[in-house]
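A.B. asks: fold the following for me, if possible:
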Amino acid sequence: MAETLLNVKNLTKKFEGHTILDGMDLEIKQGEVVVVVGPSGCGKSTLLRCINALEPIQGGEIRLQGDLVEYGSKNLASLRQKIGMVFQSYELFPHLTVMDNITLAPTKVQKRKKEEVKEEAMQLLERVGLADKENSYPRQLSGGQKQRVAIVRALCMHPEILLFDEVTAALDPEMVREVLDVMLDLAKQGRTMIIVTHEMQFAKAVADRVIFLDQGKIVEEDAPEVFFENPKTERAKQFLNVFTFDRAR
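C.D. replies: Numbers count the residues shown, from 1 in each chain. Below is the predicted model of the structure:
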């Protein structure tokens, strides 16, 4: 039985009087791929931001390998090194080359040797099909290429868990596949991941477990073959029917 890597208990997040996450409990095992789905505004991205302590919370606790992850805490910088987050908007530095974007944090934050980090970065760039882009700047890359660079940057920090926040939402349809293929490869490698996505076919293919959120609560969670083929709640059925209808049009 895999050990618990991340433990979220009674997580409550409020913003301007509105409850975004309402007493949520979540446990992630080592090597597990959990996909979070749900309607817009249900709290999916906020959940990831809370796990990475980018947002203060109003109740509950988040623990990574037993250590409390807390917004503004003294040990947050060291804990964040164990949490790799890939954003929808890439968050690459426009004035740095691909290689410099990737090596900046490992060399400055983790104090690792630059040559060692560059060697690893090149291996990872090769794996995602971007070995020839090391000296390119973000403006010279397509959206799919930028997103793959962002994934390599996260991997170079050797995180315990990877968080993906709608990483294909800003991409043209033809670029979506190249990013999803990289994420599928990471899943096969046994990486621990939490993925927020609207790509239902991808979720079905990559997930060990699917979590369906609505109005800040976990409404349903199950294995993908169960959730997508035989959802238990009416709310999940409604949600999946909308996606089926949109794809059929």
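A.B. asks: what does stretch 69-77 rub up against?
C.D. replies: 51-57, 61-63, 67, 79, 83, 109 (Cβ atoms under 8 Å, 6 or more residues apart in numbering). In short, each C-beta sits where N, CA and C put it, glycine included.
A.B. asks: 10 Å - rerun?
C.D. replies: Stretch 69-77 is contacted from outside by 6-8, 49-57, 61-63, 67-68, 79-80, 82-83, 109, using Cβ atoms under 10 Å, 6 or more residues apart in numbering.
A.B. asks: Produce a PyMOL select command limited to the buried residues of those residues.
C.D. replies: Buried residues within the contacts of stretch 69-77, by 16 or more other Cβ atoms under 10 Å, are selected in PyMOL with:
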select buried, resi 6+7+8+49+50+51+52+53+55+57+62+63+79+80+82+83
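A.B. asks: now, the contacts of stretch 69-77 that are in helices?
C.D. replies: 49-51, 79-80 (DSSP state H).
A.B. asks: just the helices in the protein please.
C.D. replies: Under DSSP H, the chain gives helices at 44-51, 76-80, 98-108, 114-127, 143-155, 173-188, 200-206, 224-229, 234-248.
A.B. asks: farthest-apart pair in the ones in helices among the contacts of stretch 69-77, please.
C.D. replies: Maximum pairwise distance in those, criterion Cβ to Cβ, is 14.6 Å, between Arg49 and Leu79.
A.B. asks: quick revisit: ok, of the ones in helices among the contacts of stretch 69-77, which one's closest to Asn101?
C.D. replies: Asn101 lies nearest to Arg80 out of the ones in helices among the contacts of stretch 69-77, by Cβ to Cβ, at 17.3 Å.
A.B. asks: from Leu163, how far off is the closest one?
C.D. replies: According to Cβ to Cβ, to the nearest Å, Arg80 and Leu163 sit 11 Å apart.
A.B. asks: residues shared between the contacts of these two?
C.D. replies: Common neighbours of Arg80 and Leu163 (Cβ under 10 Å, 6+ apart) are Asn52.
A.B. asks: excluding its backbone neighbours, what's nearest Ala105?
C.D. replies: Met157 (5.9 Å; Cβ to Cβ, 6 or more residues apart in numbering).
A.B. asks: now do that neighbour against Gln145, distance only.
C.D. replies: 20 Å.
A.B. asks: His95 now?
C.D. replies: As judged by Cβ to Cβ, His95 and Gln145 stand 17 Å apart.
A.B. asks: compare those two (neighbour count), which wins?
C.D. replies: Gln145 (21 against 10; other Cβ atoms under 10 Å).
A.B. asks: that one touches Val182, doesn't it?
C.D. replies: No: look at Gln145 against Val182 with Cβ atoms under 10 Å: they stay out of range, at 11.0 Å.
A.B. asks: can you list residues touching both of the two?
C.D. replies: Contact criterion Cβ under 10 Å, 6+ apart; residues shared by Gln145 and Val182: 128-130.
A.B. asks: return the member of the residues you listed nearest to Asn241.
C.D. replies: For those, the nearest to Asn241 is Val128 (35.1 Å; Cβ to Cβ).
A.B. asks: I'm done for today, thanks for sticking with me.
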